[in-house]
Structures are given as structure tokens and as C-alpha cells.
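In: Pasting the sequence and the predicted model now:
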Amino acid sequence: MSTATFERRPGWITFASVLLFAVAFVRIISAINYFSDGSEINDLSNSLFGQQLWVWGIWDLLLAALALVAGLSMLGGGGFGRVITYIWGVWVMVQSFLIIGLAPWYAIAMIALAALVIYGVASSSDWRREPS
């Protein structure tokens, strides 16, 4: 019987990946709501994209795609996921500051989640999965 040794992934990497998956899921739902001109959307006429809700939908889908790719890459130990995670975190923070006057609680929550994800990746930057 062979004994296999498993290298443990840091908890912060797993935490950051799970948060990225959760935020991606929420962003997909948000994008669907933008595409269908949902009644739950605040007045965005004075925002960056104005009344063009489909542009907000594409924006949210891009954020969701980046979050999914980065989460999968980080779980696999890839450095690509780390770079994308940093970019994604900054992107989410910038977008959240753009809408903070329109949806303050949502924006604050997204800023906090992005900060936790960036912290999680930065605090475990020395971990790499060894190739099999």
C-alpha cells in the first residue's frame, strides 16, 4: 500500500477562491437583472454608463468571468489566478466607489469582500502547488 502525501493549500487561498465564486454568482444574477431592465435597479441616469443598463450587465458579466477564472486558477495553485485576483479586486473596488452614492450598502459590502480577497492572496503569496 502506498502512502500519498498531500500538500495543504493555505486557508486564505481557499477562502479567497470561495469568495470569488460567491461574488461571481451574485454578479451573474445582477447582470441578468440589468439585461431584463429589472424594477429593483436604482436610478442610474447620473452614473458612469447612464441609462444603458445592458452596459452594466456586460460589466457585471466581465467581473464574474474574472472571478471564476481566478478562483479556479488559485485552487489549482496557478500564479495566473493571483494576478487576475489582484486585478479583479481593484476593479471591483473602483466600480464600487462609482456606485457608492446609488447603492451604498452593496458598494461597501463589495469593497470589504474585495479587500478580504486581496488580503488572503497577499498573505499567502509564498504558496505554490508542486507539479505532480
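Out: Looks like it came in fine.

In: Check which helices and strands the helix or strand encompassing residue 63 sits against.
Out: Of the helices and strands defined by DSSP states H and E, residue 63 is found in helix 53-75. If you count contacts as 3 or more C-beta pairs under 8 Å, 6 or more residues apart in numbering; DSSP states H and E, helix 53-75 packs onto helix 11-35, helix 79-98. Bear in mind the C-beta positions are built from the backbone N, C-alpha and C, glycine included.

In: pretty sure residue 117 contacts residue 87?
Out: No: counting by C-beta atoms under 8 Å, residue 117 does not reach residue 87; the two are 11.3 Å apart.

In: neighbour-wise, which of these two wins?
Out: residue 117 (27 against 12; other C-beta atoms under 10 Å).

In: Neighbours of the closest residue to the more buried one other than its chain neighbours, how many?
Out: Sequence neighbours aside, residue 16 is the residue nearest to residue 117 in space, at 4.6 Å (criterion: C-beta to C-beta, 6 or more residues apart in numbering). Look at residue 16: counted by other C-beta under 10 Å, it has 29 neighbours.

In: how much space between residue 16 and residue 125?
Out: According to C-beta to C-beta, to the nearest Å, residue 16 and residue 125 sit 12 Å apart.

In: Residue 88 too?
Out: 16 Å.
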